[in-house]
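A.B. asks: Just to be clear, the model below is a prediction. Sequence and coordinates:
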Amino acid sequence: MFDLHVHTSYSKDGHEKPETMAKILKKKGFRGMAITDHNTVKGAFKEYGIENFIIIPGIEISTDRGHLLGLGIKEEIKSRKAEEAIDEIHDKGGVAIIAHPYRIFSGAIKNFEGLNVDGIEIFNARSFPSQNKRAAKLAENMKKAVTGGSDAHYAWEAGRGYTIADADSEDEVIEKILKKETKSGGKLSISMPLKSSANALLAYMRRGFIKI
């Protein structure tokens, strides 16, 4: 079980150190996590030395069409145009995932036409159940792999969404996504997305209404 959408203090809106998130998830029985900070990989390529826990380097990119996850990347992703960013993710050894589709705010992609992604995040713990259900239908219609994650920005959010993959390494996780051999799930809730949205709004105000 992996949490494939985790933010850390390297994100402008993250609040926890990467090692803190990793230790929380390991204690909860997770095999690993993806560090997907906003538009940076500074925390993703560091060595944290946590035994028997896989840390997958990733990024959440704010593109011209919304947010994309790049998982298993080998280098920084520089492009902010959706199609180019996807190509760059692939060129650098990763998989491209549409993040939290159908969410009203937070950079959700609304136009999926022509996006050569590898998967759809069909469970995001910060999204409402109805939005996750629509995402699952999208993945089915587009015949894409599925992933899930907490989208955690705080410690209490870690592990609330997950991806199930029979994998013992970063490369195996990526391979399972490419083969569409993953499942996802999490704790369905209405109150938790409301709480997360309120915190996100406060953070947005503190940043001077600057979007990420």
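C.D. replies: Arrived safely, thanks for sending. Residues are numbered from 1 along each chain as shown.
A.B. asks: quick one: which helix or strand includes E76?
C.D. replies: Counting by DSSP states H and E, E76 is held by no secondary-structure element, helix or strand.
A.B. asks: Report the contact partners of it.
C.D. replies: Contacts for E76 (Cβ atoms under 8 Å, 6 or more residues apart in numbering) come out as T40, V41, I59. Bear in mind the C-beta positions are built from the backbone N, C-alpha and C, glycine included.
A.B. asks: cutoff 10 Å now
C.D. replies: N39, T40, V41, K42, A44, F45, I59, G70, E88, K92 (Cβ atoms under 10 Å, 6 or more residues apart in numbering).
A.B. asks: among the residues you listed, which two are most distant?
C.D. replies: K42 and E88 (17.5 Å; Cβ to Cβ).
A.B. asks: So for those two, which residue has more residues nearby?
C.D. replies: E88 (20 against 15; other Cβ atoms under 10 Å).
A.B. asks: after the helix or strand hosting the more buried one comes which helix or strand?
C.D. replies: Per DSSP H and E, E88 falls inside helix 82-91. Using DSSP H and E, the next helix or strand after helix 82-91 towards the C-terminus is strand 95-98.
A.B. asks: Packing partners of that next one?
C.D. replies: strand 2-6, strand 54-63, strand 66-71, helix 82-91, strand 119-124, helix 129-142, strand 145-149, helix 170-178 (3 or more Cβ pairs under 10 Å, 6 or more residues apart in numbering; DSSP states H and E).
A.B. asks: orientation of the fifth one relative to strand 2-6 in degrees?
C.D. replies: Yep, that's strand 119-124 we're talking about. Strand 119-124 runs at 90 degrees relative to strand 2-6, counting by axes from the mean of the first three to the mean of the last three Cα atoms, to 10 degrees.
A.B. asks: quick check: mean pLDDT across strand 119-124?
C.D. replies: Across strand 119-124, pLDDT averages out at 97.
A.B. asks: Check the offset of that strand from the chain's centre.
C.D. replies: From the chain centre to the centre of strand 119-124 is a distance of 8 Å (Cα atoms, centre = their mean, to the nearest Å).
A.B. asks: what do you get for the last one?
C.D. replies: Per Cα atoms, centre = their mean, the displacement of helix 170-178 from the mean C-alpha position of its chain is 15 Å.
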